[in-house]
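[1] the sequence and its predicted three-dimensional model are supplied below.
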Amino acid sequence: MSITSKELAKILNLSPAAISMALNNKPGVSTATRKLVMETADKYGYDFSKLAEKHNLKGTIYFVIYKKHGAVVSDTPFFSELSEGIALGCKKADYKLKISYVYEDEDIVEKQLEEIQYSDCIGMIVLGTEMKPEDLKPFQKLPIPFVLIDSYFETVSCDCVLINNVQGAYLAASHLIRKTKKQPGYLHSSYDIGNFAERNSGFFKAVRAHGMSSAKSIVHLLTPSMDGAYADMKEIIEKGEELAPCYFADNDLIAMGAMKALKEAGYRIPQDIAIAGFDNLPFSKVFEPALTTINVPKHYMGEMAAARLVEMLKAPSSSPVKIEVGTTLVERKSS
(Lines give C-alpha, C1' and ligand atoms only; values in the text may rest on other atoms or scores of the structure.)
Protein backbone atom coordinates (compact mmCIF):
# COMPACT_ATOMS: atom_id res chain seq x y z
CA MET A 1 0.00 0.00 0.00
CA SER A 2 1.28 3.49 -0.88
CA ILE A 3 2.06 6.04 1.80
CA THR A 4 -0.35 8.94 2.45
CA SER A 5 0.50 12.64 2.69
CA LYS A 6 -0.36 12.59 6.42
CA GLU A 7 2.09 9.75 6.98
CA LEU A 8 4.72 11.68 5.04
CA ALA A 9 4.16 14.66 7.35
CA LYS A 10 4.82 12.47 10.41
CA ILE A 11 7.97 10.91 8.94
CA LEU A 12 9.47 14.30 8.03
CA ASN A 13 8.10 16.18 11.04
CA LEU A 14 6.47 18.72 8.76
CA SER A 15 2.97 20.15 8.74
CA PRO A 16 0.37 18.59 6.39
CA ALA A 17 0.16 22.01 4.71
CA ALA A 18 3.90 21.99 3.92
CA ILE A 19 3.62 18.47 2.50
CA SER A 20 0.67 19.51 0.36
CA MET A 21 2.47 22.59 -0.98
CA ALA A 22 5.56 20.52 -1.83
CA LEU A 23 3.65 17.70 -3.51
CA ASN A 24 1.46 20.08 -5.49
CA ASN A 25 4.33 22.41 -6.44
CA LYS A 26 2.74 25.37 -4.68
CA PRO A 27 4.58 28.38 -3.22
CA GLY A 28 5.32 28.46 0.51
CA VAL A 29 8.11 25.92 0.98
CA SER A 30 11.81 26.11 0.15
CA THR A 31 13.39 24.28 -2.75
CA ALA A 32 15.31 22.08 -0.28
CA THR A 33 12.12 21.12 1.58
CA ARG A 34 10.29 20.43 -1.68
CA LYS A 35 13.11 18.17 -2.83
CA LEU A 36 13.18 16.33 0.51
CA VAL A 37 9.42 15.73 0.40
CA MET A 38 9.50 14.47 -3.19
CA GLU A 39 12.44 12.15 -2.56
CA THR A 40 10.88 10.74 0.62
CA ALA A 41 7.52 10.32 -1.11
CA ASP A 42 9.21 8.41 -3.90
CA LYS A 43 11.16 6.26 -1.41
CA TYR A 44 8.00 5.22 0.45
CA GLY A 45 5.94 4.60 -2.69
CA TYR A 46 3.65 7.63 -2.70
CA ASP A 47 1.08 7.44 -5.52
CA PHE A 48 2.01 10.42 -7.70
CA SER A 49 -0.60 9.58 -10.32
CA LYS A 50 -3.33 11.16 -8.21
CA LEU A 51 -1.48 14.49 -8.48
CA ALA A 52 -1.47 14.51 -12.29
CA GLU A 53 -5.07 15.62 -12.65
CA LYS A 54 -4.61 18.39 -10.09
CA HIS A 55 -1.48 19.63 -11.84
CA ASN A 56 -3.25 19.84 -15.18
CA LEU A 57 -6.35 21.56 -13.88
CA LYS A 58 -4.94 24.02 -11.37
CA GLY A 59 -2.28 26.66 -11.61
CA THR A 60 -0.81 28.89 -14.29
CA ILE A 61 2.55 28.92 -16.04
CA TYR A 62 4.06 32.41 -16.25
CA PHE A 63 6.21 33.63 -19.11
CA VAL A 64 8.32 36.26 -17.35
CA ILE A 65 9.94 38.76 -19.73
CA TYR A 66 12.92 40.37 -17.98
CA LYS A 67 13.85 43.82 -19.29
CA LYS A 68 17.13 45.42 -18.28
CA HIS A 69 17.48 48.16 -20.91
CA GLY A 70 15.02 47.07 -23.60
CA ALA A 71 17.59 47.50 -26.38
CA VAL A 72 17.23 43.86 -27.39
CA VAL A 73 14.02 42.67 -25.75
CA SER A 74 11.23 44.54 -27.53
CA ASP A 75 8.01 43.79 -29.39
CA THR A 76 9.70 42.17 -32.39
CA PRO A 77 8.60 39.09 -34.37
CA PHE A 78 11.40 37.12 -32.66
CA PHE A 79 9.80 37.37 -29.23
CA SER A 80 6.28 37.10 -30.62
CA GLU A 81 7.12 33.72 -32.16
CA LEU A 82 8.83 32.64 -28.94
CA SER A 83 5.66 33.52 -26.99
CA GLU A 84 3.47 31.65 -29.47
CA GLY A 85 5.60 28.53 -29.06
CA ILE A 86 5.38 28.73 -25.28
CA ALA A 87 1.60 29.20 -25.49
CA LEU A 88 1.26 26.13 -27.71
CA GLY A 89 3.42 24.05 -25.37
CA CYS A 90 1.30 25.07 -22.39
CA LYS A 91 -1.92 24.36 -24.28
CA LYS A 92 -0.72 20.86 -25.19
CA ALA A 93 -0.17 20.12 -21.48
CA ASP A 94 -3.49 21.74 -20.43
CA TYR A 95 -1.90 24.63 -18.53
CA LYS A 96 -2.94 28.26 -18.65
CA LEU A 97 -0.30 30.82 -19.62
CA LYS A 98 0.16 34.35 -18.35
CA ILE A 99 2.77 36.86 -19.57
CA SER A 100 4.39 39.14 -17.01
CA TYR A 101 7.05 41.84 -17.43
CA VAL A 102 9.78 42.28 -14.81
CA TYR A 103 12.13 45.28 -14.89
CA GLU A 104 15.70 45.70 -13.68
CA ASP A 105 15.06 47.96 -10.69
CA GLU A 106 15.71 45.78 -7.61
CA ASP A 107 12.74 47.02 -5.56
CA ILE A 108 10.37 46.47 -8.47
CA VAL A 109 11.82 43.00 -9.18
CA GLU A 110 11.33 41.87 -5.59
CA LYS A 111 7.79 43.24 -5.47
CA GLN A 112 6.75 41.75 -8.81
CA LEU A 113 8.21 38.35 -7.99
CA GLU A 114 6.42 38.39 -4.64
CA GLU A 115 3.13 38.99 -6.45
CA ILE A 116 3.88 36.09 -8.79
CA GLN A 117 4.86 33.81 -5.89
CA TYR A 118 1.55 34.31 -4.12
CA SER A 119 -0.55 34.07 -7.28
CA ASP A 120 -1.66 30.84 -8.95
CA CYS A 121 1.78 30.49 -10.56
CA ILE A 122 3.14 26.93 -10.46
CA GLY A 123 6.12 27.43 -12.78
CA MET A 124 7.91 30.10 -14.83
CA ILE A 125 9.65 30.41 -18.16
CA VAL A 126 12.07 33.33 -17.74
CA LEU A 127 13.33 35.26 -20.77
CA GLY A 128 17.01 35.80 -19.96
CA THR A 129 18.15 37.62 -23.12
CA GLU A 130 19.16 40.80 -21.27
CA MET A 131 20.09 39.08 -17.99
CA LYS A 132 23.38 38.71 -16.15
CA PRO A 133 23.96 35.86 -13.66
CA GLU A 134 23.23 38.16 -10.69
CA ASP A 135 19.85 39.10 -12.16
CA LEU A 136 18.72 35.50 -11.74
CA LYS A 137 19.32 35.39 -7.96
CA PRO A 138 15.83 36.64 -6.94
CA PHE A 139 14.28 33.96 -9.14
CA GLN A 140 16.39 31.24 -7.56
CA LYS A 141 15.09 32.17 -4.11
CA LEU A 142 11.50 31.42 -5.11
CA PRO A 143 9.98 28.01 -4.26
CA ILE A 144 8.76 27.85 -7.88
CA PRO A 145 10.45 25.86 -10.68
CA PHE A 146 11.59 27.83 -13.71
CA VAL A 147 13.22 27.37 -17.11
CA LEU A 148 15.56 30.05 -18.43
CA ILE A 149 15.06 30.71 -22.14
CA ASP A 150 17.40 32.41 -24.65
CA SER A 151 20.32 32.54 -22.21
CA TYR A 152 22.77 30.38 -20.29
CA PHE A 153 25.22 31.06 -17.45
CA GLU A 154 28.11 28.77 -16.56
CA THR A 155 27.87 29.83 -12.91
CA VAL A 156 24.13 29.18 -12.50
CA SER A 157 22.62 25.71 -12.12
CA CYS A 158 19.21 25.83 -13.76
CA ASP A 159 17.26 24.41 -16.69
CA CYS A 160 17.62 26.40 -19.88
CA VAL A 161 16.67 26.41 -23.56
CA LEU A 162 18.80 28.50 -25.88
CA ILE A 163 20.06 29.04 -29.42
CA ASN A 164 23.28 27.44 -30.64
CA ASN A 165 24.75 30.89 -31.25
CA VAL A 166 28.28 29.66 -31.90
CA GLN A 167 27.06 27.36 -34.66
CA GLY A 168 24.93 30.07 -36.30
CA ALA A 169 27.67 32.69 -36.39
CA TYR A 170 30.16 30.08 -37.66
CA LEU A 171 27.81 29.16 -40.51
CA ALA A 172 27.26 32.81 -41.50
CA ALA A 173 30.94 33.79 -41.40
CA SER A 174 31.99 30.65 -43.29
CA HIS A 175 29.39 31.41 -45.96
CA LEU A 176 30.72 34.96 -46.43
CA ILE A 177 34.30 33.70 -46.70
CA ARG A 178 33.35 31.10 -49.30
CA LYS A 179 31.32 33.59 -51.36
CA THR A 180 33.71 36.55 -51.30
CA LYS A 181 37.08 34.80 -50.76
CA LYS A 182 37.92 37.77 -48.52
CA GLN A 183 38.41 38.54 -44.82
CA PRO A 184 35.01 39.18 -43.20
CA GLY A 185 34.27 42.12 -40.94
CA TYR A 186 32.00 42.04 -37.91
CA LEU A 187 29.08 44.33 -37.02
CA HIS A 188 29.09 43.64 -33.28
CA SER A 189 26.43 44.80 -30.81
CA SER A 190 27.51 47.68 -28.57
CA TYR A 191 25.33 46.15 -25.82
CA ASP A 192 26.84 43.36 -23.74
CA ILE A 193 24.48 40.41 -24.26
CA GLY A 194 25.29 36.73 -23.69
CA ASN A 195 23.93 35.68 -27.09
CA PHE A 196 26.14 38.22 -28.86
CA ALA A 197 29.22 37.09 -26.92
CA GLU A 198 28.61 33.55 -28.16
CA ARG A 199 28.11 34.79 -31.73
CA ASN A 200 31.40 36.65 -31.39
CA SER A 201 33.05 33.34 -30.50
CA GLY A 202 31.45 31.57 -33.47
CA PHE A 203 32.48 34.32 -35.91
CA PHE A 204 36.15 34.28 -34.96
CA LYS A 205 36.17 30.49 -34.79
CA ALA A 206 35.15 30.47 -38.47
CA VAL A 207 37.77 33.09 -39.36
CA ARG A 208 40.54 30.99 -37.80
CA ALA A 209 39.19 27.76 -39.32
CA HIS A 210 39.63 29.30 -42.78
CA GLY A 211 43.27 30.17 -42.09
CA MET A 212 42.73 33.88 -41.48
CA SER A 213 43.99 36.08 -38.65
CA SER A 214 41.35 37.24 -36.16
CA ALA A 215 43.23 40.52 -35.74
CA LYS A 216 42.67 41.41 -39.41
CA SER A 217 38.87 41.37 -39.20
CA ILE A 218 37.43 44.88 -39.03
CA VAL A 219 34.96 45.22 -36.14
CA HIS A 220 32.39 48.00 -35.74
CA LEU A 221 30.29 48.38 -32.58
CA LEU A 222 26.68 49.20 -33.47
CA THR A 223 23.49 49.66 -31.49
CA PRO A 224 21.38 46.45 -31.77
CA SER A 225 18.36 48.14 -33.36
CA MET A 226 17.70 49.14 -36.97
CA ASP A 227 17.64 52.90 -36.34
CA GLY A 228 20.59 52.75 -33.94
CA ALA A 229 22.72 50.64 -36.27
CA TYR A 230 21.86 52.94 -39.19
CA ALA A 231 22.97 56.05 -37.27
CA ASP A 232 26.16 54.38 -36.01
CA MET A 233 27.12 53.03 -39.44
CA LYS A 234 26.40 56.36 -41.08
CA GLU A 235 28.82 58.03 -38.65
CA ILE A 236 31.49 55.39 -39.34
CA ILE A 237 31.18 56.00 -43.10
CA GLU A 238 31.26 59.80 -42.70
CA LYS A 239 34.42 59.55 -40.58
CA GLY A 240 36.09 57.65 -43.41
CA GLU A 241 36.85 54.55 -41.33
CA GLU A 242 38.08 51.49 -43.20
CA LEU A 243 35.29 49.17 -44.32
CA ALA A 244 35.39 45.41 -44.83
CA PRO A 245 34.40 43.68 -48.10
CA CYS A 246 31.77 41.67 -46.21
CA TYR A 247 30.20 41.65 -42.74
CA PHE A 248 28.50 39.32 -40.32
CA ALA A 249 26.06 41.17 -38.04
CA ASP A 250 24.98 40.03 -34.56
CA ASN A 251 21.32 40.29 -35.57
CA ASP A 252 19.11 41.18 -38.54
CA LEU A 253 18.28 44.63 -37.17
CA ILE A 254 21.96 45.59 -37.06
CA ALA A 255 22.48 44.14 -40.53
CA MET A 256 19.56 46.02 -42.08
CA GLY A 257 20.41 49.31 -40.34
CA ALA A 258 23.99 49.08 -41.62
CA MET A 259 22.81 48.15 -45.13
CA LYS A 260 20.60 51.22 -45.24
CA ALA A 261 23.53 53.49 -44.34
CA LEU A 262 25.86 51.77 -46.83
CA LYS A 263 23.33 52.04 -49.68
CA GLU A 264 22.80 55.74 -48.96
CA ALA A 265 26.57 56.21 -49.20
CA GLY A 266 26.57 54.61 -52.67
CA TYR A 267 27.79 51.10 -51.82
CA ARG A 268 26.23 48.23 -53.72
CA ILE A 269 25.16 45.14 -51.78
CA PRO A 270 26.48 42.52 -52.29
CA GLN A 271 28.73 43.63 -55.18
CA ASP A 272 30.77 46.06 -53.03
CA ILE A 273 29.96 44.77 -49.54
CA ALA A 274 28.18 41.51 -48.71
CA ILE A 275 26.25 41.17 -45.44
CA ALA A 276 24.73 38.35 -43.38
CA GLY A 277 22.56 38.69 -40.28
CA PHE A 278 21.16 36.46 -37.56
CA ASP A 279 17.53 35.63 -36.47
CA ASN A 280 15.70 35.42 -39.82
CA LEU A 281 13.09 38.02 -38.89
CA PRO A 282 10.07 38.04 -41.28
CA PHE A 283 10.96 41.39 -42.88
CA SER A 284 14.55 40.27 -43.62
CA LYS A 285 13.27 38.51 -46.75
CA VAL A 286 11.46 41.60 -48.08
CA PHE A 287 14.30 44.02 -47.32
CA GLU A 288 16.17 45.28 -50.39
CA PRO A 289 18.26 43.33 -51.09
CA ALA A 290 16.81 40.34 -49.20
CA LEU A 291 19.06 39.53 -46.26
CA THR A 292 21.14 36.38 -45.94
CA THR A 293 20.69 35.30 -42.33
CA ILE A 294 20.67 32.53 -39.76
CA ASN A 295 17.32 30.94 -39.06
CA VAL A 296 16.41 30.31 -35.43
CA PRO A 297 13.43 27.97 -34.79
CA LYS A 298 11.88 30.43 -32.37
CA HIS A 299 8.48 28.75 -32.15
CA TYR A 300 10.13 25.41 -31.42
CA MET A 301 12.30 26.98 -28.71
CA GLY A 302 9.18 28.18 -26.93
CA GLU A 303 7.56 24.76 -27.18
CA MET A 304 10.68 23.07 -25.83
CA ALA A 305 10.83 25.44 -22.84
CA ALA A 306 7.19 24.73 -21.97
CA ALA A 307 7.70 20.97 -22.38
CA ARG A 308 10.75 21.02 -20.10
CA LEU A 309 8.89 22.99 -17.43
CA VAL A 310 6.00 20.51 -17.53
CA GLU A 311 8.54 17.70 -17.01
CA MET A 312 9.89 19.55 -13.97
CA LEU A 313 6.42 19.98 -12.54
CA LYS A 314 5.93 16.23 -12.75
CA ALA A 315 9.40 15.40 -11.39
CA PRO A 316 10.68 18.33 -9.26
CA SER A 317 13.84 16.54 -8.15
CA SER A 318 15.15 16.02 -11.69
CA SER A 319 18.63 17.35 -12.57
CA PRO A 320 18.93 20.61 -14.57
CA VAL A 321 19.39 20.24 -18.32
CA LYS A 322 20.66 22.57 -21.05
CA ILE A 323 18.78 22.32 -24.35
CA GLU A 324 20.50 23.96 -27.31
CA VAL A 325 18.44 24.48 -30.45
CA GLY A 326 20.31 24.26 -33.76
CA THR A 327 20.35 26.91 -36.51
CA THR A 328 20.45 26.92 -40.33
CA LEU A 329 21.78 29.31 -42.97
CA VAL A 330 19.24 31.08 -45.21
CA GLU A 331 21.04 32.40 -48.30
CA ARG A 332 19.51 35.45 -50.00
CA LYS A 333 20.55 38.37 -52.19
CA SER A 334 22.68 40.33 -49.66
CA SER A 335 25.58 37.89 -50.03
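    Yep, it's here. Quick caveat: nothing in here was measured; it's all calculated off a predicted structure.
[2] the helices in the stretch 151-300 of the chain, which residues?
    Assigned by DSSP state H, counting those that start in this stretch, the stretch 151-300 of the chain shows helices spanning 165-180, 194-209, 226-238, 252-264, 298-314.
[3] what residues sit buried inside whichever helix or strand comes after the longest one?
    Going down the chain from helix 298-314, the next helix or strand is strand 322-325, by DSSP states H and E. Within strand 322-325, the residues that qualify as buried by neighbour count (16 or more other C-beta atoms under 10 Å) are 323, 325. C-beta here means a position set from N, CA and C on the backbone, and glycine is covered the same way.
[4] what strands line up against strand 322-325, and which way round?
    According to DSSP bridges, strand 322-325 forms sheet pairs with strand 159-163 (parallel).
[5] compare the mean pLDDT across the helices of the stretch 151-300 of the chain and name the weakest.
    When the helices of the stretch 151-300 of the chain are compared on average pLDDT, helix 298-314 comes out lowest at a mean of 93.
[6] what about residue 252, neighbour count?
    25 (other C-beta atoms under 10 Å).
[7] which among the helices of the stretch 151-300 of the chain is found nearest to residue 22?
    helix 298-314 (12.5 Å; C-beta to C-beta).
[8] if we can go back for a sec, which of the helices of the stretch 151-300 of the chain sits closest to residue 84?
    When the helices of the stretch 151-300 of the chain are compared by C-beta to C-beta, helix 298-314 sits nearest residue 84, at 5.9 Å.
[9] and the closest one, what does it pack against?
    Judged by 3 or more C-beta pairs under 8 Å, 6 or more residues apart in numbering; DSSP states H and E, the packing partners of helix 298-314 are helix 49-57, helix 77-92, strand 121-127, strand 146-149, strand 159-163, strand 322-325.
[10] how about those, which one is nearest residue 186?
    Among the helices and strands packed on helix 298-314, if distance is taken as C-beta to C-beta, the winner is strand 159-163, at 18.0 Å.
[11] would you mark the buried spots in stretch 124-133?
    Residues of stretch 124-133 classed as buried by neighbour count (16+ other C-beta under 10 Å): 124, 125, 126, 127, 128, 129, 130, 131.
[12] residue 116 is in contact with residue 62, correct?
    Yes. At 5.9 Å, residue 62 counts as touching residue 116 under the criterion of C-beta atoms under 8 Å.
[13] roughly how far apart are residue 40 and residue 10?
    11 Å (C-beta to C-beta, to the nearest Å).
[14] so which of those two has more stuff around it?
    residue 40 (17 against 12).
[15] returning to what we had before: spit out the residues that contact residue 62 and residue 116 alike.
    Both residue 62 and residue 116 are in contact with 100, 124, where contact means C-beta atoms under 8 Å, 6 or more residues apart in numbering.
[16] rewinding a little: weakest of the helices and strands packed on helix 298-314 in terms of mean pLDDT?
    helix 49-57 (a mean of 52).
[17] next secondary structure element downstream of it?
    Using DSSP H and E, the helix or strand that follows helix 49-57 towards the C-terminus is strand 60-67.
[18] OK, contacts around residue 293?
    172, 252, 255, 276, 277, 278, 279, 280, 281, 284, 330, 332.
[19] so what's the closest residue to it other than its chain neighbours up against?
    Distances taken as C-beta to C-beta, 6 or more residues apart in numbering place residue 277 nearest to residue 293, at 4.2 Å, with adjacent residues excluded. By C-beta under 8 Å, 6+ apart, residue 277 lies in contact with 172, 248-249, 251-256, 284, 291-294.
[20] now with 7 Å, please.
    For residue 277, the contacting residues are 249, 251, 252, 255, 284, 291, 293, by C-beta atoms under 7 Å, 6 or more residues apart in numbering.
[21] now residue 148
    126, 128, 158, 159, 160 are the contacts of residue 148 under C-beta under 7 Å, 6+ apart.
[22] cool, and residue 260?
    Counting by C-beta under 7 Å, 6+ apart, residue 260 makes contact with residue 230.
[23] in stretch 153-163, which residues are buried?
    Of all the residues in stretch 153-163, those buried under the rule 16+ other C-beta under 10 Å are 153, 156, 158, 159, 160, 161, 162, 163.
[24] how near is residue 128 to residue 114?
    20 Å.
[25] what lies in contact with stretch 209-229?
    So stretch 209-229 is in contact with 71-72, 174, 177, 183-191, 204, 207-208, 232-233, 236, 242-244, 250-251, 253-254, 256-258, going by C-beta under 7 Å, 6+ apart.
[26] of all the contacts of residue 293, which two lie farthest apart?
    Among those, 172 and 281 lie farthest apart (C-beta to C-beta), at 14.5 Å.
[27] looking at the two, which one has more neighbours?
    Neighbour count, other C-beta under 10 Å: between residue 172 and residue 281, residue 172 has more, with 30 against 23.
[28] what number of residues lie near residue 181?
    Neighbours of residue 181 using other C-beta under 10 Å come to 10.
[29] report the separation between it and residue 216.
    In terms of C-beta to C-beta, residue 181 sits 14 Å off from residue 216.
[30] alright, calling it a day.
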